[in-house]
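Enquirer: Fold the following.
(chains A, B, C and D)
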Number of protein chains: 2
Amino acid sequence: MTSKRDARREDLKGRLIEAAQARIQSTGLAGLRARDITADAGCALGALYIAFADLDELILHVNSITLARLGAALEQEATGAAEPGARLKALAKAYLGFARDNRMAWKALFEHRMAPGVAVPEWHLAEHAVLIQHLVEPLAQLLPTLDSHDLLARARTLFSAVHGIVMISLEDRFIGLAPTDLESELLGFVGALVAGLKAERG
Amino acid sequence: MTSKRDARREDLKGRLIEAAQARIQSTGLAGLRARDITADAGCALGALYIAFADLDELILHVNSITLARLGAALEQEATGAAEPGARLKALAKAYLGFARDNRMAWKALFEHRMAPGVAVPEWHLAEHAVLIQHLVEPLAQLLPTLDSHDLLARARTLFSAVHGIVMISLEDRFIGLAPTDLESELLGFVGALVAGLKAERG
DNA sequence: AGAAGAAAATGAACGGTGTTCATAAATTTC
DNA sequence: GAAATTTATGAACACCGTTCATTTTCTTCT
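Expert: Predicted structure coming up:
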């Protein structure tokens, strides 16, 4: 059997992912260095390229784990309140909380770019799409006349809007504007949008 | 006088900015190379570092020009319709149009990061802030009871939301979800939010 | 106008990056 | 246990932004 070799390989992969995760958390995606990762994981520089095709593939695995954690955080909120507006607010609040508590890992999800001409793998796109799925059910309750195509479109739009609010608030770019309370601003936004959707629906 | 030297220096600066702008437009910010820029501008590699402190400063100047063009595009829409909801829709549409027509330059505005520990210069932050100012006036008409602090907060939130919708739609990350019509989706979003703000106001 | 000084232009060189590759070690197979 | 296959190693490679000694160009002063 080849179990010992497999075990060693999987073990190294895990150590590399963990080291990359820690480096991203402390210095951000832009500060990630192959030599730092391999030093932390306790292997030679070249070993990284036996375990993974390149740094991008390793980052994809880190992001995959981050998405799973984020998905779990949202899942917890999705099953709470029954009223769709309250559920959407809870999801937005959870998204903001995760971004705050895992800033660097969360930023890496959206900062990372593949090499030019290389597409993001299908399995990783699917992991991103799950985030949007969480919004479909409450939206369906709110807008019962919509078909699944339109629901998905609204869910993506709502996710993008919430994401944009969280992202720009957590950047340094628009500082000096208004040091407002992000959470109440975000929840007020979701509340107004839900009110608008209700009003238009009727 | 020293005018000839000044003229040459300003001329070189202009050529470098133009070359960087063209390279960003064709290959994106990530594909920007000091050697390509100086070759296009017709000067030696080291000349770039006499005209500018580093690549970041050059990119800031390119982004400054992009922000001016974007600001002009928004200005044109801001003076159109009198009804605040229609004006906000027109601004969102203009923002989407600019992002579509100037994808790489627009993306560079938000992808660019300074070196770790280096802050974005104040004058450039101010240029970004102007974008949000365009939303304040229509929002003030819509929500006459709010003070300027709250208005600025709402304007930033609305800008971030619209920005997020445009950004995620123009990325490759969430493809395969729903090939929806972005413009109608965006305008529907603004319409619903405006309706919600009106409903809550009364 | 011409010499002296200052500023700018040059491109080779430097330090750092991701990735590769010949070589050595370890593991599996027979 | 020997042969074959996979994995580990770290020096070397190509490329990057940036610097620097040197040369060229411009300005200033007599």
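Enquirer: Give me the neighbour count for residue A:119.
Expert: A count of neighbours around residue A:119, defined by other C-beta atoms under 10 Å in any protein chain shown, yields 10. (C-beta placed from N, C-alpha, C; glycine too.)
Enquirer: Can you tell me the element it falls in?
Expert: Here residue A:119, judged by DSSP states H and E, is contained in no helix and no strand.
Enquirer: now residue A:131
Expert: According to DSSP H and E, residue A:131 maps onto helix A:122-142.
Enquirer: buried sites along that helix?
Expert: A:124, A:125, A:127, A:128, A:129, A:131, A:132, A:134, A:135, A:138, A:139, A:142 (16 or more other C-beta atoms under 10 Å in any protein chain shown).
Enquirer: gap between that helix and the chain center?
Expert: Here helix A:122-142 is found 12 Å from its chain centre; the criterion is C-alpha atoms, centre = their mean, to the nearest Å.
Enquirer: Which secondary structure elements does that helix sit against?
Expert: Under the contact criterion of 3 or more C-beta pairs under 8 Å, 6 or more residues apart in numbering or on different chains; DSSP states H and E, helix A:122-142 touches helix A:55-78, helix A:84-101, helix A:148-169, helix A:182-201.
Enquirer: Surely residue A:16 is in contact with residue A:37?
Expert: Yes: at 6.1 Å, residue A:16 counts as touching residue A:37 under the criterion of C-beta atoms under 8 Å.
Enquirer: Quickly list what's touching both of those two.
Expert: A:48, A:58 (C-beta atoms under 8 Å, 6 or more residues apart in numbering or on different chains).
Enquirer: Dump the helix holding residue A:131 to CSV, restricted to CA.
Expert: The C-alpha trace of helix A:122-142 is given here as CSV (Å, rounded to 0.1, in the frame of the first residue of the first chain):
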residue,chain,number,x,y,z
GLU,A,122,-15.5,25.5,-10.8
TRP,A,123,-15.5,24.0,-7.3
HIS,A,124,-14.4,27.3,-5.8
LEU,A,125,-17.0,29.4,-7.7
ALA,A,126,-19.6,27.0,-6.2
GLU,A,127,-18.3,27.7,-2.7
HIS,A,128,-18.8,31.4,-3.3
ALA,A,129,-22.3,30.9,-4.7
VAL,A,130,-23.4,29.3,-1.5
LEU,A,131,-23.2,32.7,0.3
ILE,A,132,-25.9,34.0,-2.0
GLN,A,133,-28.1,31.0,-1.5
HIS,A,134,-28.6,32.0,2.1
LEU,A,135,-30.5,35.0,1.0
VAL,A,136,-32.8,33.2,-1.4
GLU,A,137,-35.2,31.7,1.1
PRO,A,138,-36.0,34.9,3.1
LEU,A,139,-36.3,36.8,-0.1
ALA,A,140,-38.7,34.2,-1.4
GLN,A,141,-40.9,34.7,1.6
LEU,A,142,-40.7,38.4,1.1
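Enquirer: I would like the residues contacting that helix, please.
Expert: Taking C-beta under 8 Å, 6+ apart as the rule, helix A:122-142 contacts A:60, A:63-64, A:67-68, A:70-71, A:74-75, A:78, A:84-85, A:87-88, A:91, A:109, A:146, A:148, A:151-152, A:154-156, A:158-159, A:194, A:197-198, A:201, B:173-177.
Enquirer: again, but for stretch A:72-89
Expert: For stretch A:72-89, contacts defined as C-beta under 8 Å, 6+ apart pick out A:90-91, A:93-95, A:97-98, A:131, A:134-135, A:137-139, A:141-142, A:158, A:187, A:190-191, A:194-195, A:198.
Enquirer: how close does residue A:126 sit to residue A:69?
Expert: Separation of residue A:126 from residue A:69 (C-beta to C-beta, to the nearest Å): 17 Å.
Enquirer: Helix, strand, or coil at residue A:43?
Expert: Secondary structure, DSSP: H, G, I helix; E, B strand; the rest coil: residue A:43 is coil.
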